[in-house]
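J.: Sequence and computational prediction follow.
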Amino acid sequence: MLEYVIPAPKEVVLKEGSFGLQDNLTLFYTSDVERIAEMLARDWPCILKKVDLPLKMLFLGNQLTPLTQKEVRHKEGYTLDITSDGVQITALSYRGIYYGYTTLLQIMEDVKSLPAVSIYDYPDLDMRGMHFDLKGAMPTVEYINQCVKLLGRYKINTILMEYEDKFPYEKYPQIKAPGALTVEELDTIMNTARDCGIEVIPLLQCLGHTEYILRHDEFAQLGENGTRQMLCPLKPGSLELIKSLIDEILPYHADSRYFHMGADEAWLLGYCPECSAYAARHGRARLYVDYVKQVAAYIASKGKKPVLWDDMFYKEKGFELIEDLPSNVVLNLWDYDATEEETPYVRWNSRAYVSKQWIDRYPAKIAQFGAWLEDLPEDEQYMIKKYKSGDKYPLMGHPFPWMKKYLEEGCEVIGASAAKGAGRFSYNSLFPDFKKRFINTLIWAKRAKEAGITGVISTAWSKYSTVAPPTESWESAMYNYIASAENYWNSNSTKESFDRRFSMNYLGANTKITKAMDYLEQGRLRRDISYLKAAELLLTETKDVVVKHSVFVDILLDALHFEILSLSVDNQFWEVQPWLYYSFSKDALRQEVNNEAKIQLNSLKERLLQWQEDSISLYKSIMSATEAEELVKTKAAGKLAFIETLVNKL
């Protein structure tokens, strides 16, 4: 399995010989990596023996004969040497040993003899993160724990845990939703993450996206202008409530250096009379910063680095106010659309701006934007050019221009790409984009390494708000999570290389799974059932041979069947649409045609209802019945209602 390791190791030197995995081997280990030694002993039963050595080390063999290895310089790097005498892993840190162990684990899979090899490996990014958004389609705790272990196996070292209403709040238990984590369950997740060398950063929305609080009548008075989307930043109760919730969450995250306070998309900023008057005197940006700096200062006072999403600074043209935030504040810059080394747009003032030069050159580039750089005030054009500019400016430029601005302001910066929940189909489909998400994470990895920022977290939005319908399921995006791990470790990765390794590594079989995923995407995008049928054929073949994680294939097949049904409903509409003109006709022949169309539509309805029943049963294997029903029924509801309307019209 050496050629299928994910992430691909940086340096691999194959040598003559091998090491046999026999019974009664001894695993020698240094005291600070005892937990990893115990894990390895579960994977391959052996005798554990603690030794005192200056380096962190694991050695598996009959007797301790330390091997000469390359010097490890990166704090999370490792060396892995296999000779006929034994297997040795050395590193400077617990994580380094753990990553050597996960590479060894992948090489050991289904073999009795290990090839002689010398591996030297280290990551390109210090922070390699995944986002767990618990507010929608929340998996079972057992599944979450499995995912934590899986991400650790692929060398993810950070989880951004967005709790919303799924935390076991005690002071305000009414905020807890049914199915929220218990204290015991949360402890289990944290212990699993700790074993895997994963830092779990809590995320608590503190201003916008606070529906999880404001949906409850006892907190409704804190809503901005009577709404339930956003806390009013001028009502004292807002800050005090957030501080109290922070206090409850902090003890569970003693190991984390960071606390993420959200603070993005404060769409209703300045709506209520008090906030409107404040904004009129000082500006909307000042209204925003005067609130979030208090939350950030409170987090900093607890010994954590406050993290907040960056979008409100460019939306409100408030870069100059960043200096008012605590000195250790971290800006989390997000962009889910960049799929080129340089991009044509820049986000500014709640719009995406492009150059008018695209009108004559390639109008398709401006179809989704339509706000012109050249129409901005000269001082704003000058600033944008400074950070966006490149050889092709103003047509193209740096995909994340504000990264450079934040670094100039002295801020620590973390990037954010997307693994799921950020596409045009997320509400209406059951699988994410694959190709776009791979490219977006890879571009982020390249630019993050180039700029020297802390790292990148792949977001995985389950809902866009507490009260919104769910997006795709967690499992459907597993390819994207593992691709994120690959790209953040190796910023020079390629999709071709990763695809070759993914099916063998994750599914345990050499399949055409990535080709099927490509057809699935093409079928959805082109609304072409022939692509979907091709994907169905390949996925069915794959299902028959996979030996690991078969639920991933099951869920892709289920998503594909929904796409086929959805497209069939759309096609039926185009067939019957002209006949709606005759819906009130008394002509017997026309009535006969309409009745035939009704039969077709009712047949589709029955197929959708059967799919719905089968799909709920499938998803109940990884989430509660309530979550499974919401996920599936929200996808099918629109098509079922559409069929009902057509039948009634005919």
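T.: Sure, I can see it.

J.: hey, let's count contacts and neighbours off CA atoms from now on
T.: Will do.

J.: And residue 176, how close does it get to residue 381?
T.: Relative to residue 381, residue 176 is positioned 47 Å away (Cα to Cα, to the nearest Å).

J.: Compare these two and say which one has the larger neighbour count.
T.: residue 176 (19 against 13; other Cα atoms under 10 Å).

J.: Need the phi and psi values for the more buried one.
T.: phi -60, psi 130 (degrees, to the nearest 10).

J.: Could you find the closest non-adjacent residue to it?
T.: Setting aside the residues directly before and after it, residue 176 is nearest to residue 165 in space (Cα to Cα, 6 or more residues apart in numbering), at 4.8 Å.

J.: now residue 163
T.: residue 134 (5.5 Å).

J.: In this structure the one you found contacts residue 176, no?
T.: No. At 11.9 Å, residue 134 and residue 176 do not qualify as touching, with contact defined as Cα atoms under 8 Å.

J.: okay, and the common contacts of the two?
T.: Contact criterion Cα atoms under 8 Å, 6 or more residues apart in numbering; residues shared by residue 134 and residue 176: residue 166.

J.: Which elements pack onto the lengthiest helix in the chain?
T.: Ordering each helix of the chain by length in residues (DSSP state H) puts helix 588-619 first. Applying 3 or more Cα pairs under 8 Å, 6 or more residues apart in numbering; DSSP states H and E, we find helix 588-619 packed against helix 550-576, helix 625-649.

J.: now for the first one, which elements pack on it?
T.: Based on contacts counted as 3+ Cα pairs under 8 Å, 6+ apart, the elements that helix 550-576 packs against are helix 529-543, helix 588-619, helix 625-649.

J.: Off-centre distance for it?
T.: Offset of helix 550-576 from its chain centre (Cα atoms, centre = their mean, to the nearest Å): 24 Å.

J.: which parts of it are buried?
T.: If you call a residue buried by 16 or more other Cα atoms under 10 Å, then helix 550-576 has these buried ones: 550-569, 572-573, 576.

J.: what does the last one give?
T.: Buried residues in helix 625-649, counting neighbours by 16+ other Cα under 10 Å, are found at 627-629, 631-636, 639-640, 642-643, 646-647.

J.: What lies in contact with it?
T.: 136-138, 427-430, 469-473, 566, 569, 573, 580, 583, 598, 601-602, 605, 608, 612, 615-617, 619-620.

J.: tell me the mean pLDDT for it?
T.: The average pLDDT within helix 625-649 is 93.

J.: and the angle from it to helix 550-576?
T.: Taking axes from the mean of the first three to the mean of the last three Cα atoms, to 10 degrees, one finds helix 625-649 and helix 550-576 inclined to each other by 10 degrees.

J.: Please name the residues that touch residue 336.
T.: So residue 336 contacts 416, 417, 418, 422, 437, 440 (Cα under 8 Å, 6+ apart).

J.: neighbours of the first one, just the number please.
T.: A count of neighbours around residue 416, defined by other Cα under 10 Å, yields 24.

J.: if we can go back for a sec, go through the contacts of residue 336 and flag which are in helices.
T.: Among those, the ones falling in helices (DSSP H) are 437, 440.

J.: pLDDT (mean, whole number) over stretch 151-161?
T.: 98.

J.: what's around the spatially closest residue to residue 86 that is not a sequence neighbour, how many residues?
T.: Nearest residue to residue 86 in three dimensions, chain neighbours excluded: residue 61, at 4.5 Å (Cα to Cα, 6+ apart). Residue 61 has 23 neighbours, counted by other Cα under 10 Å.

J.: hmm, back to that, distance to residue 78 added to the helices and strands packed on helix 550-576, as TSV?
T.: Formatted as TSV, the helices and strands packed on helix 550-576 follow (distance: least, Cα to Cα, whole Å):
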stretch	distance to residue 78
helix 529-543	35
helix 588-619	38
helix 625-649	41
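
J.: So for residue 149, which of the ones you listed sits nearest?
T.: Set against residue 149 and scored by Cα to Cα, these come closest in helix 588-619, at 20.5 Å.

J.: now the stretch 401-550 of the chain, which segments are flagged as low pLDDT?
T.: By pLDDT under 70, the stretch 401-550 of the chain has no low-scoring segment.

J.: what are the ranges of the helices in it?
T.: 401-408, 435-451, 478-489, 495-502, 513-526, 529-543, 550-576 (DSSP state H, counting those that start in this stretch).

J.: which stretch among those helices comes nearest residue 342?
T.: Residue 342 lies closest to helix 435-451 among those, at 9.3 Å (Cα to Cα).

J.: Would you mind giving the orientation angle of that closest one with respect to helix 513-526?
T.: Going by the same axes, to 10 degrees, helix 435-451 makes 110 degrees with helix 513-526.

J.: in helix 435-451, what's buried?
T.: 436-449.

J.: cool, and stretch 464-479?
T.: Of the residues in stretch 464-479, 464-466, 469-479 count as buried by neighbour count, 16+ other Cα under 10 Å.

J.: swap in stretch 225-243?
T.: 225, 227-234, 238-239, 241-243.

J.: So which of those residues is the closest to residue 407?
T.: Set against residue 407, the nearest of the buried residues of stretch 225-243 by Cα to Cα is residue 233 (27.3 Å).

J.: From residue 263, how far out is that closest one?
T.: 11 Å.

J.: who touches both of these two?
T.: With Cα under 8 Å, 6+ apart as the test, residue 233 and residue 263 both reach residue 207.

J.: ok so, going back, if we compare the helices of the stretch 401-550 of the chain, which one ends up closest to residue 56?
T.: Among these, the nearest to residue 56 by Cα to Cα is helix 478-489 (21.5 Å).

J.: contact partners of the closest one?
T.: 6-8, 122-125, 128-130, 151, 154-156, 419-420, 434, 437-438, 441-442, 445, 455-456, 458, 493, 498, 502, 552.

J.: Sitting in strands, which of the residues you listed do you find?
T.: Of these, the ones assigned to strands by DSSP state E are 128, 129, 130, 419, 420, 455, 456, 458.

J.: Make a markdown table from those and add neighbour count to it.
T.: Formatted as a markdown table, the ones in strands among the contacts of helix 478-489 follow (neighbours: other Cα atoms under 10 Å):
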| residue | neighbour count |
| --- | --- |
| 128 | 27 |
| 129 | 31 |
| 130 | 28 |
| 419 | 32 |
| 420 | 28 |
| 455 | 24 |
| 456 | 28 |
| 458 | 29 |
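
J.: which of those residues sit farthest apart?
T.: It's 420 and 455 that sit farthest apart of those, by Cα to Cα, at 18.6 Å.

J.: if we can go back for a sec, any idea how far residue 575 is from the residue nearest to residue 176?
T.: Separation of residue 165 from residue 575 (Cα to Cα): 45 Å.

J.: and if you look at residue 541?
T.: Going from residue 541 to residue 575 by Cα to Cα gives 33 Å.

J.: I'd guessed residue 506 sits against residue 549; true?
T.: Yes. Counting by Cα under 8 Å, residue 506 touches residue 549, with 6.9 Å between them.

J.: Between these two, which is the more surrounded one?
T.: With neighbours defined as other Cα under 10 Å, residue 506 and residue 549 compare such that residue 506 has more, 21 against 12.

J.: got a list of what the more buried one touches?
T.: Counted by Cα under 8 Å, 6+ apart, residue 506 has contacts 548, 549.

J.: so where's the stretch 251-400 of the chain shaky on pLDDT?
T.: The low-confidence ranges in the stretch 251-400 of the chain, as defined by pLDDT under 70, are 365, 367-370.

J.: what are the ranges of the strands in the stretch 101-250 of the chain?
T.: Assigned by DSSP state E, counting those that start in this stretch, the stretch 101-250 of the chain shows strands spanning 113-121, 127-133, 158-162, 199-203.

J.: Quick check: which helices or strands does the second one pack against?
T.: In terms of contacts (3+ Cα pairs under 8 Å, 6+ apart), strand 127-133 is packed against strand 158-162, strand 455-460, helix 478-489.

J.: send the alpha carbons of stretch 2-9 over as CSV?
T.: Extracted in CSV, the C-alpha atoms of stretch 2-9 (Å, rounded to 0.1, in the frame of the first residue of the first chain):
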residue,chain,number,x,y,z
LEU,A,2,3.1,2.3,0.0
GLU,A,3,2.1,3.8,-3.4
TYR,A,4,-1.4,4.6,-2.1
VAL,A,5,-0.5,6.5,1.1
ILE,A,6,-2.5,9.7,1.7
PRO,A,7,-1.1,12.3,2.0
ALA,A,8,1.8,11.3,-0.3
PRO,A,9,5.1,11.4,1.7
